[in-house]
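Visitor: With the input below, show me the fold.
(chains A and B)
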Amino acid sequence: MEPALETSLVLEHGRSWCASVWEFARRRPLGAAGAAIVIIMAVAAALAPVVAPYDPLATDYSAMLAAPSSAHWLGTDAFGRDVLSRIIYGARTALTVGIVSALLGATLGAIVGVGSAYFGGWVDLLGERVVDVLLSFPLVIMALAVVATLGNGVWNVVLAITIPMAPRCARVIRSSALAIRRTAYVDAARAAGFSRARIILRHMLPNVMAPYLVMLTAFMGQAVLLEASLSFLGLGVAEPTPAWGLMLKGAAVDFAETAPWLALWPGIAISAAVFAFNLFGDALRDALDPRLRAL
Amino acid sequence: MIPTLLGVAALVFLLMRVLPGDIVELRFAGESAYASRATLELERQRLGLDRPLWLQFADWTWGLVRLDLGRSMWTGAPIAHEIGLRFQLSLELALLATLIAVVLAIPLGIVAAVWRETWVDYVVRVVSIAGLAVPSFWLGIVLILVLLRVFHWLPPIEFTPLAVNPWHNLGQLVWPALAVGYRYSAVSTRMMRATMLEVLREDYIRTARAKGLWRRLVLSRHAVKNAMLPVFTVIALEFAFLLGGLVVTEQVFNLNGLGSLFVEAIAHRDYTLTQALVLLVAVATVVANFLVDLTYAWLDPRIRYR
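Guide: Have a look, this model is predicted:
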């Protein structure tokens, strides 16, 4: 089966970058909405000191567990910290961890996948076995093991999420790269004496771009969820760094009677972020190559 | 199959040894208790931790071949006993979640495909994307909140087997099953919709309609059966991960399942228990894969006649 040698409208040569983006937004409004939400969150997170009404670490023991009011729009938590500010600052942790670990995981997976497909033979066999073994661990367990080794902290969490993501990406990228590897023009290029690097860069990578981008955006949503789960278990970022999962940690049963809203806001924030990433990822996948629908 | 399992066994064996922290120290000298070095050494000898690595690995694999998982290093109880207690709960939870997922996903996926690009389709798509986005542990928290505030009722905390007291059992497990099942069904709904769309475009569907077959018959006899296979694969493969991967949900609902056992074992650096648990999940995945292959062969006559 011939792989897609011409990609869709979005990646056409000669089209200006702005035109492609506008075309995408026009034809797929849901995806554009998702992207817009992500951008708004990112901007709010970057400008957090300006946007947030209070300092997220500032305690106010006279207003503990206060209900939502005009002073504290989303209420306060057990230490009197403003929930709205903590959610805005929490976006920093969530988006940093989500985007960085997705980038690292997808790129690492792509490198392993392309290398495995290109070199073939025992390299491929070994790579496949290692990936199989890594994939038989549930996502959370693997992340847990890494955090247990390295301890809490943002960058340890990033590593903990990258490691389970990479094999999943490697497997998908490998099958795309294999499809290109077996075509006639790669053989012709090798016969003509092109160096390995040139073949990989100029022929295999562009074909692998579409699944790579799709996996990247899919991973971002998953990474945000995974970070929230790890923080909820107490194995993510440490207190008092604001993080959405951490905010849910004590809120469930401890304050169910007195302050039920504490459990609502962080969950809504997590859902909104992952929802936006998923919407954008879906639309991107449809635009790049509808045959990737099975992913 | 066997090489993968062996690879998993070797990897988890090595990984556990790489983790810093020593179970003997954690157990005897943790929390600023005092234990003399001689005591710690004696305990290490008893657990077999002072022997060379390859010997420990060989011992463990030999035990596996005889289906003897050994004893937990932390509690000293046989591992089969430790796992057995919680396996029942985790298995039942996984089965319930799968049931909910299947009951939701298949009709919704079919309906969304048949009425594509209408409001029904959009509602189903939004609901399933939301299912992927909403963290299942948060859904669990919200469920508990609603139960508490609106109905003034908390699910039972102790586990009773289904045979002993069905109401108690279901009353405890149906809520986490709902929370997990919603997310699970989201994946399956999207898959079902995608495969149905593909199948409905096929020539044989058009022929059947052209022949004048009732729409409902075309759907049930031809379309759904063909579309089911990939969805079935997805469901079966996810099931294997449900056994050990529900760590956070168990935390929220205070369940004594395999996920919590996993966390405890890693925290205690209990080598034998962790190794056994990981192998269990790996074996479950392999078995699920195998069953899926078998069922493919059974359901798809084209494969049978090869």
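Visitor: Residue B:239 is in contact with residue B:285, isn't it?
Guide: No. Contact between residue B:239 and residue B:285 fails when scored by CB atoms under 8 Å: they sit 9.3 Å apart. Bear in mind the C-beta positions are built from the backbone N, C-alpha and C, glycine included.
Visitor: how much space between residue A:229 and residue B:79?
Guide: 26 Å (CB to CB, to the nearest Å).
Visitor: okay, and for the stretch 151-295 of chain A, where does confidence drop off?
Guide: For the stretch 151-295 of chain A, applying pLDDT under 70 flags the ranges A:250-253, A:256, A:289-295.
Visitor: Can you list the residue ranges for helices in it?
Guide: Taking DSSP state H, counting those that start in this stretch as the criterion, the stretch 151-295 of chain A carries its helices at A:154-181, A:184-191, A:196-199, A:205-232, A:244-249, A:261-288.
Visitor: could you redo these as JSON lines and give each row mean neighbour count and distance to chain B?
Guide: As requested, these are exported to JSON lines (neighbours: other CB atoms under 10 Å in any protein chain shown; distance: least, CB to the nearest CB, whole Å):
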{"stretch": "helix A:154-181", "mean neighbour count": "22", "distance to chain B": "11"}
{"stretch": "helix A:184-191", "mean neighbour count": "12", "distance to chain B": "29"}
{"stretch": "helix A:196-199", "mean neighbour count": "12", "distance to chain B": "28"}
{"stretch": "helix A:205-232", "mean neighbour count": "24", "distance to chain B": "5"}
{"stretch": "helix A:244-249", "mean neighbour count": "25", "distance to chain B": "6"}
{"stretch": "helix A:261-288", "mean neighbour count": "22", "distance to chain B": "4"}
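Visitor: right, so of these, which gets closest to residue B:95?
Guide: Minimum separation from residue B:95 across the helices of the stretch 151-295 of chain A (CB to CB) falls at helix A:205-232, 22.6 Å.
Visitor: Which one of residue B:239 and residue B:285 is surrounded by more residues?
Guide: Neighbour tally, residue B:239 and residue B:285, criterion other CB atoms under 10 Å in any protein chain shown: the higher count belongs to residue B:285, 25 against 20.
Visitor: how near is that one to residue B:136?
Guide: The value you get for residue B:285 to residue B:136, if CB to CB is used, is 20 Å.
Visitor: check which helix or strand covers the residue nearest the centre of chain B.
Guide: Geometric centre of chain B, nearest residue: residue B:242, 1.1 Å, by CA atoms, centre = their mean. Following DSSP states H and E, one finds residue B:242 within helix B:224-244.
Visitor: Residue A:95 versus residue A:103, what's the distance?
Guide: Remark: distance between residue A:103 and residue A:95 (CB to CB) = 12 Å.
Visitor: Looking at those two now, which is surrounded by more residues?
Guide: Ranked by neighbour count (other CB under 10 Å), residue A:103 and residue A:95 place residue A:95 first, with 22 against 16.
Visitor: Spit out the contact partners of the residue of the stretch 201-306 of chain B at minimum distance from chain A.
Guide: Nearest to chain A in the stretch 201-306 of chain B, going by CB to the nearest CB, is residue B:245, at a distance of 3.5 Å. With contact set as CB atoms under 8 Å, 6 or more residues apart in numbering or on different chains, residue B:245 has these partners: A:138, A:139, A:140, A:141, B:259, B:281.
Visitor: Among those residues, which lie within strands?
Guide: For the contacts of residue B:245, not one is inside strands, with DSSP state E as the criterion.
Visitor: what residue ranges in chain B score low on pLDDT?
Guide: B:1, B:29-33, B:300-306.
Visitor: do that again at 50, thanks
Guide: Applying pLDDT under 50 to chain B picks out no residues at all.
Visitor: For the residue lying closest to residue B:10 once chain neighbours are set aside, pull up the helix or strand it's in.
Guide: Nearest-residue entry for residue B:10: residue B:57, 7.3 Å, with adjacent residues in sequence omitted and distances by CB to CB, 6 or more residues apart in numbering or on different chains. Per DSSP H and E: residue B:57 is located in helix B:53-65.
Visitor: on contacts alone, who are the packing partners of that helix?
Guide: helix B:2-18, helix B:271-299 (3 or more CB pairs under 8 Å, 6 or more residues apart in numbering or on different chains; DSSP states H and E).
Visitor: Determine which of the ones you listed approaches residue B:193 most closely.
Guide: Distance to residue B:193, taken as CB to CB, is lowest for helix B:271-299 among those, at 20.0 Å.
Visitor: which strands and helices sit next to that closest one?
Guide: Using 3+ CB pairs under 8 Å, 6+ apart: helix B:271-299 touches helix B:2-18, helix B:53-65, helix B:79-114, helix B:224-244, helix B:258-268, helix B:301-304.
Visitor: and these, which is most packed in?
Guide: Highest mean neighbour count among the helices and strands packed on helix B:271-299 (mean count of other CB atoms under 10 Å in any protein chain shown): helix B:258-268, with a mean of 22.
Visitor: Now tell me what touches the helix holding residue B:57 from outside.
Guide: Outside helix B:53-65, the residues that reach it (CB under 8 Å, 6+ apart) are B:9, B:10, B:13, B:17, B:48, B:49, B:51, B:69, B:70, B:272, B:275, B:279.
Visitor: give the contact list for the last one.
Guide: Contacts were defined as CB under 8 Å, 6+ apart; by that measure residue B:279 touches B:5, B:8, B:9, B:12, B:64.
Visitor: Pick the one among those closest to chain A.
Guide: Chain A lies nearest to residue B:8 out of the contacts of residue B:279, by CB to the nearest CB, at 5.1 Å.
Visitor: burial of the nearest residue to the closest one once chain neighbours are set aside, as a residue count?
Guide: Computed as CB to CB, 6+ apart, the closest residue to residue B:8 that is not its neighbour in sequence is residue B:282, at 4.4 Å. Residue B:282: 24 surrounding residues under other CB under 10 Å.
Visitor: contacting residues around residue B:282?
Guide: A:136, A:137, B:4, B:5, B:8.
Visitor: what's the farthest-apart pair in the residues you listed?
Guide: A:137 and B:5 (13.0 Å).
Visitor: In a helix, residue B:256, correct?
Guide: No. Residue B:256: not assigned to a helix; according to DSSP: H, G, I helix; E, B strand; the rest coil it is coil.
Visitor: Surely it and residue B:87 touch.
Guide: No. Residue B:256 is beyond contact range of residue B:87, at 10.9 Å (criterion: CB under 8 Å).
Visitor: hmm, back to that, tell me the one among the contacts of helix B:53-65 nearest to residue B:229.
Guide: Comparing these against residue B:229 with CB to CB picks out residue B:279 as the nearest, at 29.1 Å.
Visitor: What distance do you get for that closest one to residue B:4?
Guide: Counting by CB to CB, the gap from residue B:279 to residue B:4 is 11 Å.
Visitor: Tell me which residue in the stretch 51-200 of chain A sits closest to chain B.
Guide: For the stretch 51-200 of chain A, CB to the nearest CB, closest residue to chain B: residue A:138, 3.5 Å.
Visitor: phi, psi of that residue?
Guide: Dihedral angles of residue A:138 (phi, psi; degrees, to the nearest 10) stand at phi -60, psi 150.
Visitor: List the residues that contact it.
Guide: Residues near residue A:138 by CB under 8 Å, 6+ apart: B:241, B:244, B:245, B:281.
Visitor: Done for today, thanks.
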